[in-house]
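S.K.: Fold the following.
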Amino acid sequence: MKPKSILSLLTTAFIFLSACSNNDNQVIKEVSTGSGKISQILTEKITDEPKEFKLSELISDFQVIPLETKPECMISNTQIVFSKEFILVGTQNFPGAARLYRFDNTGKFLNEYGKSGQGPGEHIGYMADVIHCYENEKNILVKWVGTSEKPQLFDFNGTFLREIDQPYELVRYIEKWSDSVWFSTGLMAGKVRLAVDSFALVFYNSDGKILRKVPRREFPPQNYAGYTPGTSDPSLYKYNNEWRLYMQGNDTVFKIVDYKLLPVAMIVPDNKTLPFNKPISSGELTGKNSFNILSETENNWFISKTIINKDELHEFRPGEWGGSFYTTRQLLMIDKKSKNGINTRLVDDIFYLFPPEALSGGLTWRNGKLFLGIQVTHLSKLMKDLQSEKITNQEAKTIIEKLKTLPEDNNPVIFSFTLKERVKLIN
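M.R.: Numbers count the residues shown, from 1 in each chain. Modelled structure (predicted):
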């Protein structure tokens, strides 16, 4: 055989082996089912040890908004919802009822929603648990938590319109399906104690009449000893203007079509994932993990991985468990195009202000944005350790200098980041 031919064969073999090696590292696998192809996300192929990932490589731009401070809109803890034209901020108001305020995109206070009391449009809840903005109808929906109060609908000016009846008193989530139909999530994992634990989705009208109920698929055994893990908040989000749902318990991502759940992807668990519909002893919980989808885009998946570092569970009554979990969170990023996936530790290379723990646990992901609200007193503490010479972004430098002048009794500052259209990953 001629030397040139040998070289050609070796080159071909190298390319083939490289391709095999790359495929071995890919975390997305397409599989065929009876209803078509779905994507499998192979979490076991993503390393447990996170690698540093710069915040600037995740986002395309940022905005920092100090909220206007007035006696009529003093804010402590915050829950933030962005719309196209303004910001909704829910806040606790101990010992009184919670508040919901509206600010414009510069942070200027506009108006308040709801009043303290038990009459129409009033509430005694301690927190605005669910906040939705419907821009086409110019409506705001808020569900207060702390009582059995019904979700309330207001117009943009704060005028109370009506309450929404929900068919199950303890249903927390409420989303709008159409002009006349609402829907809420049940559970997919854990022991069934109430009717709300027995289904995955329920669709209903404003008067609470059930239009369709999608049953839960898996249940723990009837007679067992031990703790059966339930689920944390479901991952309910829109992708390409289509509702999608992921709940721990059956590992499947569904699209919601015609009141039905149709599988589109699976988060394949590894050997450390919690067995959500099987009993487990409290001593076996340490080191176990669970997943939630933070965001899905055309090019990426962003998944939160929660790891139990320590559990202090105890059975206070037969079959009834209580106690605490101590956890850490990691951010898994997956590139749909290259099918690569990495475990990340976000590093603030823009403001050099936030520790990785604040970015992993404090950021809210919604509609292509990442944001957090931070009290000025806490911001001042972070600034004491700030090394300003590291900041290379001129806009960030200017913002930091302005923030240093805020009085400590100022309302919170919102840091908002826009997610890149595609976050490219290199293993």
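S.K.: where along this structure do the helices fall?
M.R.: With DSSP state H as the criterion, the chain has helices at 3-25, 356-362, 376-384, 394-403.
S.K.: Quickly, which of those bottoms out on average pLDDT?
M.R.: Among the helices of the chain, helix 3-25 carries the lowest mean pLDDT, a mean of 43.
S.K.: and the residue lying closest to residue 276 once chain neighbours are set aside, backbone torsions?
M.R.: Counting by Cβ to Cβ, 6 or more residues apart in numbering, residue 276 lies nearest to residue 189, which is 3.5 Å off, once chain neighbours are set aside. C-beta here means a position set from N, CA and C on the backbone, and glycine is covered the same way. When quoted as degrees, to the nearest 10, the phi and psi of residue 189 stand at phi -150, psi 160.
S.K.: so residue 172 makes contact with residue 127?
M.R.: No. Using Cβ atoms under 8 Å as the test, residue 172 is too far from residue 127 to be in contact (11.7 Å).
S.K.: Counting neighbours, go ahead and name the busier of those two.
M.R.: Comparing residue 172 with residue 127 by other Cβ atoms under 10 Å, the one with more neighbours is residue 127, at 18 against 15.
S.K.: Beta-bridge partners for that one, please?
M.R.: residue 145 (DSSP bridges).
S.K.: Neighbours of residue 411, how many?
M.R.: Neighbour tally, residue 411, other Cβ under 10 Å: 25.
S.K.: ok so, going back, quick one: the residue nearest to residue 276 from residue 333, how far?
M.R.: 25 Å (Cβ to Cβ, to the nearest Å).
S.K.: now do residue 284
M.R.: The gap separating residue 284 from residue 333 is 29 Å, by Cβ to Cβ.
S.K.: Between these two, point out the one with more neighbours.
M.R.: A count of neighbours by other Cβ under 10 Å puts residue 333 above the other of residue 284 and residue 333, at 22 against 14.
S.K.: ok, now which ones touch the more buried one?
M.R.: 53, 58, 300-303, 341-342, 344, 423, 425 (Cβ atoms under 8 Å, 6 or more residues apart in numbering).
S.K.: switch the cut-off to 7 Å
M.R.: Contacts for residue 333 (Cβ atoms under 7 Å, 6 or more residues apart in numbering) come out as 300, 302, 341-342, 344, 423, 425.
S.K.: Out of the residues you listed, flag the one nearest to residue 237.
M.R.: Proximity of the contacts of residue 333 to residue 237 (Cβ to Cβ) peaks at residue 302, which lies at 10.6 Å.
S.K.: ok, that closest one - how many residues close by?
M.R.: 20.
S.K.: Give the full set of residues in contact with the residue nearest to residue 276.
M.R.: So residue 189 contacts 229-231, 248-249, 276-277 (Cβ under 7 Å, 6+ apart).
S.K.: Highest neighbour count among those residues?
M.R.: In these, the most neighbours by other Cβ under 10 Å go to residue 248, 26 neighbours.
S.K.: right, and that one touches residue 289 too?
M.R.: No. Residue 248 lies out of contact with residue 289 (Cβ atoms under 7 Å); the separation is 10.3 Å.
S.K.: And the residue nearest to residue 276, how far from residue 182?
M.R.: Distance from residue 189 to residue 182, by Cβ to Cβ: 24 Å.
S.K.: Can you list the low-confidence ranges for the stretch 151-300 of the chain?
M.R.: Within the stretch 151-300 of the chain, the stretches with pLDDT under 70 are 170.
S.K.: show me where it has strands.
M.R.: 152-155, 160-163, 175-176, 182-185, 199-204, 210-215, 235-239, 242-246, 252-257, 260-268, 289-296, 300-317 (DSSP state E, counting those that start in this stretch).
S.K.: Using JSON lines, please lay out these together with distance to residue 30.
M.R.: As requested, the strands of the stretch 151-300 of the chain are exported to JSON lines (distance: least, Cβ to Cβ, whole Å):
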{"stretch": "strand 152-155", "distance to residue 30": "42"}
{"stretch": "strand 160-163", "distance to residue 30": "45"}
{"stretch": "strand 175-176", "distance to residue 30": "29"}
{"stretch": "strand 182-185", "distance to residue 30": "27"}
{"stretch": "strand 199-204", "distance to residue 30": "25"}
{"stretch": "strand 210-215", "distance to residue 30": "26"}
{"stretch": "strand 235-239", "distance to residue 30": "17"}
{"stretch": "strand 242-246", "distance to residue 30": "18"}
{"stretch": "strand 252-257", "distance to residue 30": "14"}
{"stretch": "strand 260-268", "distance to residue 30": "10"}
{"stretch": "strand 289-296", "distance to residue 30": "16"}
{"stretch": "strand 300-317", "distance to residue 30": "14"}
